[in-house]
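In: here's my sequence, what's the structure:
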Amino acid sequence: MTRLNLVLLLAVLASAIYLVHTQYESRRLFTELDRATAEARRLETEHQRLQVEKRAQATPLRVEKIARAQLNMRTATPAITQYVSDPQGVAAASAAATTGTPARPEGVQP
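Out: Below is the predicted model of the structure:
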């Protein structure tokens, strides 16, 4: 009878130790999950803030202002636009497209 009591006592002690370990592990995992959730919320907020900042930086008015100030650009008007016409180049390109041979400038030998 004492052997049976001793075996049962060891079984109860092992079960209690396992229960304590399982509860500890459960609490540890819950804390880790809570931290990860908080980090995800922080990252989502940061992402949204960066998206708003990106949209604010890319407004057409701001881009035009920087282009004028830093790059010395100006809007294109017909008075400053130069049109280039190359009828020979256009004709050679269209002929090459129909025949399948690459177009070469005059005087260039293959």
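
In: show me which helix runs longest in the protein.
Out: As assigned by DSSP state H, the longest helix anywhere in the chain is helix 2-57.

In: quick check: the most centrally placed residue in the chain vs K54, distance?
Out: Centroid-nearest residue in the chain: H47, 10.4 Å away (criterion: Cα atoms, centre = their mean). Going from H47 to K54 by Cβ to Cβ, to the nearest Å gives 10 Å. Bear in mind the C-beta positions are built from the backbone N, C-alpha and C, glycine included.

In: then E44?
Out: Plainly put, E44 is 15 Å away from K54 if you go by Cβ to Cβ.

In: do Q88 as well
Out: The spacing between Q88 and K54, counted by Cβ to Cβ, is 47 Å.

In: likewise T81?
Out: 33 Å.

In: same question for A11.
Out: Distance from A11 to K54, by Cβ to Cβ: 63 Å.

In: over to S85?
Out: Applying Cβ to Cβ to S85 and K54 gives a distance of 41 Å.

In: just the buried residues of stretch 49-62, please?
Out: When burial is assessed from 16 or more other Cβ atoms under 10 Å, stretch 49-62 yields no buried residues.

In: per-residue confidence averaged over that stretch?
Out: Stretch 49-62 shows an average pLDDT of 92 in the prediction.

In: could you point out which element follows the longest helix of the chain?
Out: Downstream of helix 2-57, the next assigned helix or strand under DSSP states H and E is helix 60-69.

In: where does the chain have its least confident helix or strand?
Out: The weakest-scoring helix or strand in the chain, judged by mean pLDDT, DSSP states H and E, is helix 87-99 (a mean of 68).
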